[in-house]
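**Q** only the shape, not the letters, is given here:
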Ligand SMILES: CC(C)(COP(=O)(O)OP(=O)(O)OC[C@H]1O[C@@H](n2cnc3c(N)ncnc32)[C@H](O)[C@@H]1OP(=O)(O)O)[C@@H](O)C(=O)NCCC(=O)NCCS
């Protein structure tokens, strides 16, 4: 599977692979209880947790197991996007994303994910992307729907975070669907 490490630029953003210097800038994002409300683990309380996150991200690139990009807006670290649970045989991956609160509701994650999806279905030639979200995460559900993801299932009591039991809504996006919706998009060729 292709692991393209070149930075990706969009109209307003730069997406680049995470590096070992990113922990201090990423810590406040993952320490924000509001942003972490629907995450699969509690908010960070120590910088070391951000250092571990970054280390796993760097190792993911090195070992070609996962891909974690830092989203920069006007040179400021605004968020992250990850592709993980990559399956080369099945040409699929799971997607995760986090945006700092000051950047919410400006179309930034839509713009960033559009670029990552184009990469995934274009040069990486994946066939399917998946997302697992908390059914109460209205922003995340709306974002996925806007991008063309379909609601494919509901798994009760899938997560227990700080003693709180939550369900999962599973979303999926097929390359064929993305391409039919985005026929003019470069790099989106049917196999
Ligand atoms: C989910 C998240 C990434 C959305 O990013 P964003 O840049 O604000 O999203 P966008 O501005 O691109 O908006 C995408 C769509 O979601 C809608 N939306 C965004 N935030 C919303 C909110 N709080 N309530 C309702 N709708 C919302 C937008 O209106 C837009 O819909 P539209 O196309 O119909 O207008 C951001 O809220 C976030 O990082 N949250 C915390 C982390 C998180 O929950 N990650 C997902 C875990 S699965």
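**A** Arrived safely, thanks for sending. All values derive from a computational prediction rather than experimental measurement.
**Q** wait, isn't residue 2 in contact with residue 122?
**A** No: when contacts are counted by Cβ atoms under 8 Å, residue 2 is not listed as touching residue 122 (9.8 Å). From N, CA and C alone the C-beta is placed, and that goes for glycine too.
**Q** name the nearest residue to residue 96, ignoring sequence neighbours.
**A** In space, and not counting its chain neighbours, residue 96 is closest to residue 82: 4.5 Å by Cβ to Cβ, 6 or more residues apart in numbering.
**Q** am I right that residue 110 is in a strand?
**A** No: counting by DSSP: H, G, I helix; E, B strand; the rest coil, residue 110 falls outside a strand, being helix.
**Q** from the ligand, how far out is it?
**A** Between residue 110 and the ligand the computed distance is 3 Å (Cβ to the nearest ligand atom, to the nearest Å).
**Q** thought that residue was touching residue 146?
**A** Yes: using Cβ under 8 Å, residue 110 makes contact with residue 146 at a distance of 6.0 Å.
**Q** wondering if the helix or strand of the chain with the lowest mean pLDDT reaches the ligand at all.
**A** Across the helices and strands of the chain, mean pLDDT, DSSP states H and E gives its lowest value to helix 175-181, namely a mean of 93. No: using Cβ under 6 Å from any ligand atom, we find that helix 175-181 stays clear of the ligand, coming within 13.9 Å at best.
**Q** longest helix of this structure, counting residues only.
**A** Secondary structure of the chain per DSSP state H: the longest helix is helix 47-62.
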